[in-house]
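> Can you look at this prediction? I've put the sequence above it.
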Amino acid sequence: MARFGMIGGGVLAVLVALLVVFTGCTKVDQTDYCIETRFGKVVTDHMNTGMAMTVFSEATCFPLTDVNFPSQGSTEEIEAQTADPVTVTGDVGVVYAYDPASVNGVFIAKRTPAAAEIEILNAIREGYRTALAGWTVADIFSNRRSELSDSVRAHIQRKLGTLAMIKRAYVRDIKIPKTIEDARIGAVAQAQVLDSTLKRFAIDSVAARATVIRAQAQAEATRLQAQAYASNPALLELERSKALAEGIARACSGPQITTCVIGGTVLDAAPTRRP
């Protein structure tokens with residue numbers, strides 16, 4: 001009987017030992033930054049990777065991998081007021097991570113990852129609103145739109161300080177009140193019509209300018225020709241002779257004309273036609 005009692009006691013001791021091993025150990029992954037405390041006091045500020053005995057202590061671990069806000073499959077729409085001021089709604093996405101160099105400070109300030117996450121999410125929302133307060137609706141829908149995400153990221157990081165690193169920020173959609181959206185679309189359409197009109201006017205102006213230049217060139221050619229005739233009468237006489245010769249040639253041409261008399265009277269110059 002005593003023998004069975006000793007065996008039972010040994011089995012119980014083994015079970016207790018196994019229970020202590022499995023419940024008193026913490027697995028430390030290389031993607032985690034773990035801090036060991038005992039009764040609230042830090043005993044190991046950076047635990048080594050692997051299995052660690054934490055029978056009389058507690059491990060608090062912060063992930064070193066990227067964290068997405070909002071979580072996968074969900075969206076976060078945040079209302080903000082622009083500089084106009086107009087209340088807009090934006091679909092915001094942020095990727096952040098803890099900095100290994102500042103995790104100990106985060107732990108001292110927040111004690112748990114959950115408490116740190118609450119402050120990070122508050123900073124994301126507040127940073128987004130602060131960024132939008134410096135933008136007008138016109139700026140948001142202008143060519144500067146690509147700068148908005150960078151502005152949001154910078155404002156969020158300023159709110160966070162060293163609590164976490166904001167790696168990327170995305171402003172995927174901005175919704176404005178329907179009346180303002182309709183007015184914005186109308187303004188864009190008007191701007192397109194104005195641009196088209198100005199381009200047409202520019203083309204017409206070029207054509208009109210070309211007509212003026214041609215007329216000026218013709219006037220200048222006539223003036224130079226008149227000046228040449230005035231300074232050289234023989235040239236004018238030559239032009240008259242050329243014109244007379246061309247007129248006679250036209251008068252004496254034709255299938256019915258057999259004889260053309262050049263010289264004499266005007267009657268002599270009349271062409272003789274076949275009967």
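Right, received. Where do you want to start? Residues are numbered from 1 along each chain as shown.

> Leaving out sequence neighbours, find the closest residue to T87.
Excluding the flanking residues, the one nearest T87 by C-beta to C-beta, 6 or more residues apart in numbering is Q81, at 5.4 Å. In this view, the C-beta of every residue, glycine as well, is placed from N, C-alpha and C.

> Just the C-alphas of stretch 154-165, formatted as CSV.
C-alpha atoms of stretch 154-165 as CSV (Å, rounded to 0.1, in the frame of the first residue of the first chain):
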residue,chain,number,x,y,z
ALA,A,154,3.4,63.6,-41.3
HIS,A,155,0.6,65.0,-39.0
ILE,A,156,-0.1,61.5,-37.5
GLN,A,157,3.6,61.0,-36.8
ARG,A,158,3.8,64.3,-35.1
LYS,A,159,0.9,63.3,-32.8
LEU,A,160,2.5,59.9,-32.0
GLY,A,161,6.1,61.1,-31.3
THR,A,162,8.1,57.9,-30.6
LEU,A,163,5.2,55.7,-29.7
ALA,A,164,5.2,54.1,-33.2
MET,A,165,6.5,54.7,-36.7
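
> Return the set of buried residues in that stretch.
155-157, 159-160, 163-164 (16 or more other C-beta atoms under 10 Å).

> tell me which strands and helices the host helix or strand of D150 is in contact with?
D150 belongs to helix 145-160 when assigned by DSSP states H and E. With contacts taken as 3 or more C-beta pairs under 8 Å, 6 or more residues apart in numbering; DSSP states H and E, helix 145-160 sits against strand 87-97, helix 113-132, strand 165-175.

> Of all those, which one is nearest E77?
strand 87-97 (5.2 Å; C-beta to C-beta).

> neighbouring contacts of the helix or strand just after that closest one?
Per DSSP H and E, the first helix or strand lying C-terminal to strand 87-97 is helix 103-110. Applying C-beta atoms under 8 Å, 6 or more residues apart in numbering, the contact partners of helix 103-110 are 33, 35, 42, 45-46, 60, 62, 98, 116, 119, 162-164.

> Closest to F69 out of these?
Among the contacts of helix 103-110, and counting by C-beta to C-beta, the member closest to F69 is A164, at 10.3 Å.

> still on that earlier bit, can you check what angle separates the helix holding D150 from helix 113-132?
Orientation of helix 145-160 against helix 113-132 (axes from the mean of the first three to the mean of the last three C-alpha atoms, to 10 degrees) gives an angle of 130 degrees.

> mean confidence for helix 145-160?
Average pLDDT, helix 145-160: 93.

> what residue ranges in this structure are flagged as low confidence?
1-24, 177-194, 198, 201, 224-240, 243-245, 247-275 (pLDDT under 70).

> can you pull out the strands in it?
Under the criterion DSSP state E, strands of the chain are mapped to 25-28, 32-38, 41-44, 50-53, 58-63, 67-69, 77-81, 87-97, 165-175, 257-259, 272-273.

> Which among those strands is found nearest to T130?
Once the strands of the chain are compared by C-beta to C-beta, strand 77-81 is nearest, at 8.5 Å.

> Packing partners of the closest one?
Looks like strand 77-81 contacts strand 87-97, helix 113-132 (3+ C-beta pairs under 8 Å, 6+ apart).
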